[in-house]
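K.L.:
Quick one, structure for this:
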Amino acid sequence: MTTVYDFTVEKTNGSEQLLKDFEGKTLLIVNTASKCGLTDQFKELQELYDNYKDQGLEILGFPCGQFNNQEFDNIEETTEFCQVNYGVSFPMFGKIDVNGQNEHPLYTHLKSAKGGLLSSDIKWNFTKFLVDKNGQVVERYAPTTKPSKIEKDIVKQLG
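P.N.:
Now for the predicted structure:
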C-alpha cells in the first residue's frame, strides 16, 4: 500500500527530501501561496507548528502558483516572504503543480486518497491534508478551513 513516505520532494535549495524522513510523525500538508487572500493562514499554521512540533507534528508547505499565479516565481522570495511576514519555521519546499499534466506525484496520491466534493482536483491555495503517523491520509480540508479549526483533529492524531 502506498503512503506519503513513498515520495520524494524538492527542498527550496533544489536538493531532494525523502518524505520517509518524516515517518512516525503526524503531517499537515498544505499547498501555499504568498499573494493569496488566504495567506494569513500562515500565522495559524505557524502557531499549530509551535504548539505541537515537540509532540510530533510536521507541517509541510508546498508553494504553488496554479491559482491566479499567486506565488512568487523565485523560491527565495517565497521563503523570505513567509519568514519575514509570518515567522514560518516549518518546512517549505520547492514550488510545485498540484493539478494537471505536471502535478507532483505526491499530490496525485493525496487527491486519490481523499477526493474533493465534486472532483479530486485541488480547487485553491491552502487545501490541507492531514496524514497519520503511518503515512495514511486521514482527512482533507477546504482552503477556507482555518488551521485553528482542525487543531482537535491534529491532537487526536498525535495521540
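
K.L.:
Can you give the contact residues for the least confident helix or strand in the chain by mean pLDDT?
P.N.:
Least confident helix or strand, the chain: helix 75-86 with a mean of 92, by mean pLDDT, DSSP states H and E. Under the contact criterion C-beta atoms under 8 Å, 6 or more residues apart in numbering, helix 75-86 has outside partners 12, 32, 34, 42-43, 46, 61, 63, 71-72, 88-89, 92, 94-95. No exception for glycine: its C-beta is placed from N, CA and C like everyone else's.

K.L.:
Report how many residues lie close to the residue lying closest to Asn68 once chain neighbours are set aside.
P.N.:
Spatial nearest neighbour of Asn68, chain neighbours left out: Cys36 (8.0 Å); criterion: C-beta to C-beta, 6 or more residues apart in numbering. Residues near Cys36, counting by other C-beta atoms under 10 Å, number 18.

K.L.:
pretty sure Cys36 contacts Thr144?
P.N.:
No: assessed by C-beta atoms under 8 Å, Cys36 is found out of contact with Thr144, at 11.3 Å.

K.L.:
list residues touching both of the two?
P.N.:
With C-beta under 8 Å, 6+ apart as the test, Cys36 and Thr144 both reach Phe126.

K.L.:
measure the one residue sitting closest to the centre of the chain to Gln101 for me?
P.N.:
Relative to the mean C-alpha position of the chain, the nearest C-alpha, by C-alpha atoms, centre = their mean, is the one of Val30, at 2.0 Å. Plainly put, Val30 is 22 Å away from Gln101 if you go by C-beta to C-beta, to the nearest Å.

K.L.:
how about the strands in the chain?
P.N.:
Assigned by DSSP state E, the strands in the chain fall at 8-10, 16-18, 26-32, 57-63, 128-131, 137-141.

K.L.:
In TSV, list these along with mean pLDDT and distance to Cys82.
P.N.:
Shown next, in TSV, are the strands of the chain (pLDDT from 0 to 100; distance: least, C-beta to C-beta, whole Å):
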stretch	mean pLDDT	distance to Cys82
strand 8-10	97	17
strand 16-18	97	17
strand 26-32	98	8
strand 57-63	98	7
strand 128-131	98	16
strand 137-141	97	20
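
K.L.:
Buried ones in the least confident helix or strand of the chain, by neighbour count?
P.N.:
Neighbour counts over helix 75-86 (16 or more other C-beta atoms under 10 Å) mark 75, 78-79, 81-82, 86 as buried.

K.L.:
Using CSV, write out every CA atom in it.
P.N.:
C-alpha atoms of helix 75-86 as CSV (Å, rounded to 0.1, in the frame of the first residue of the first chain):
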residue,chain,number,x,y,z
ILE,A,75,11.5,30.4,-4.3
GLU,A,76,13.9,32.7,-2.3
GLU,A,77,11.2,35.4,-2.5
THR,A,78,8.6,32.9,-1.2
THR,A,79,10.7,31.7,1.8
GLU,A,80,11.7,35.3,2.7
PHE,A,81,8.1,36.5,2.5
CYS,A,82,6.9,33.6,4.7
GLN,A,83,9.7,34.1,7.3
VAL,A,84,9.5,37.9,7.5
ASN,A,85,5.8,38.3,7.5
TYR,A,86,4.7,35.2,9.4
